[in-house]
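J.: model this:
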Amino acid sequence: MENQIKSPTAAPAAPPDYNSHFVPGKNTGSAGPAVTPSAGLSVGYYVPQQPGTTPLYQPTGGTHAIQYQPGKYPVTQHAPVMWMPGPAPIPNCPPGLEYLAQLDNIHVLQHFEPLEWMTGYETNNRYDIKNNADQMVYIVTEDTDDFTRNAYRNLRPFVLRVTDCLGREIMTMQRPFRCTCCCFCCPCARQELEVQCPPGVTIGFVAEHWNLCRATYSIQNQKKENVMRVRGPCTTYGCGSDSVFEVNSLDGGSDIGSIIRKWNGFLSTMGNADHFEIHFPMDLDVKMKAMIFGSCFLIDFMYFESTPPRRSSL
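T.: Prediction:
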């Protein structure tokens with residue numbers, strides 16, 4: 001039999017730029033290339049390599065919620081997983097964002113990773129995206145190699161893949177590596193997140209701005225023009241209370257939405273099982289809803305992704 005075991009490669013001297021993981025985005029204002037169906041999933045969608053990472057199920061049809069049997073979902077649950085009914089296509093809307101057009105708030109629930117807490121081994125983050133009816137909207141999975149995760153921890157570059165109930169990747173979020181050894185007010189040390197929807201077509205960026213006492217970000221369009229801004233509290237990590245990040249217009253005159261990190265107790269905090277609640281106007285442009293949604297993950301990694309303790313062997 002042919003030996004299919006690959007020899008381990010040497011550890012890289014610098015974190016990867018993840019060019020092999022996704023198609024570089026094009027800074028265009030269009031909704032992206034047309035997707036033509038073929039056998040199986042549609043062309044241009046990412047299929048997870050590991051079985052069971054994302055449920056690949058066909059919808060039952062109609063407008064009824066999609067229901068799955070126990071054991072078919074990546075996380076062991078005793079109750080069926082209920083999905084939000086699939087909306088009809090919307091003109092000039094990137095495929096997959098039709099769900100956001102029907103919502104004015106969503107919940108981002110991070111999975112608890114027992115292995116990460118017990119061993120100190122950093123694993124890929126996973127999130128469930130739900131609506132107020134506790135119906136699943138999206139699944140978000142991190143795609144980062146083992147060395148980068150455990151060498152750079154919460155400073156790591158990453159690729160987040162957003163998939164729907166069919167397992168299609170409808171959105172990709174990428175955070176490049178930024179050297180934090182420089183002065184914290186230097187532009188090369190400020191964090192940035194690129195949002196692509198559909199994957200390969202950039203719709204905007206989330207850029208960090210230096211501020212003496214609070215977290216400050218700008219939400220930009222595909223041309224890197226500022227559209228909105230996000231301002232966090234003076235103390236981002238609120239012990240015993242929620243942490244509210246306000247989304248405002250550029251002049252600060254009107255409130256557009258908010259990203260709230262909910263306080264769920266010490267056990268949730270120690271287990272890295274964060275819960276975010278995102279609010280935005282119902283009639284807000286769907287691409288701007290996606291950008292506020294993407295801002296939540298950059299905030300999570302920068303302020304709430306606690307590094308598990310390393311277990312030293314005697």
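J.: could you pull out the helices for this protein?
T.: 98-101, 114-119, 146-152, 266-270, 286-299 (DSSP state H).
J.: quick one: pLDDT of the closest residue in space to residue 218 that isn't next to it in sequence?
T.: Distance criterion CB to CB, 6 or more residues apart in numbering; nearest residue to residue 218, sequence neighbours excluded, is residue 226 at 4.7 Å. (Glycine included, C-beta is placed from N, CA and C.) Note for residue 226: predicted pLDDT of 95.
J.: my read: residue 226 touches residue 219, true?
T.: Yes. With contact defined as CB atoms under 8 Å, residue 226 reaches residue 219; the gap is 7.4 Å.
J.: More neighbours: the two, which one.
T.: Each of residue 226 and residue 219 has its neighbours counted (other CB atoms under 10 Å); residue 219 has more, 23 against 13.
J.: What residues does that one make contact with?
T.: 204-206, 226-230, 247, 288, 291-292, 295 (CB atoms under 8 Å, 6 or more residues apart in numbering).
J.: make it 7 Å
T.: For residue 219, the contact set (CB atoms under 7 Å, 6 or more residues apart in numbering) comprises 204, 206, 227-230, 291-292, 295.
J.: Put together TSV for the residues you listed, with neighbour count and distance to residue 102 on each row.
T.: Converted to TSV, the contacts of residue 219 look like this (neighbours: other CB atoms under 10 Å; distance: CB to CB, whole Å):
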residue	neighbour count	distance to residue 102
204	27	21
206	25	23
227	17	22
228	23	21
229	19	26
230	26	23
291	26	18
292	24	16
295	25	20
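J.: can you redo the residues you listed as a markdown table with distance to residue 94?
T.: Listed next are the contacts of residue 219 as a markdown table, based on distance: CB to CB, whole Å:
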| residue | distance to residue 94 |
| --- | --- |
| 204 | 12 |
| 206 | 17 |
| 227 | 16 |
| 228 | 18 |
| 229 | 23 |
| 230 | 22 |
| 291 | 12 |
| 292 | 15 |
| 295 | 17 |
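J.: and of these, the nearest to residue 106?
T.: Checking these against residue 106 by CB to CB gives residue 292 as the nearest, at 9.6 Å.
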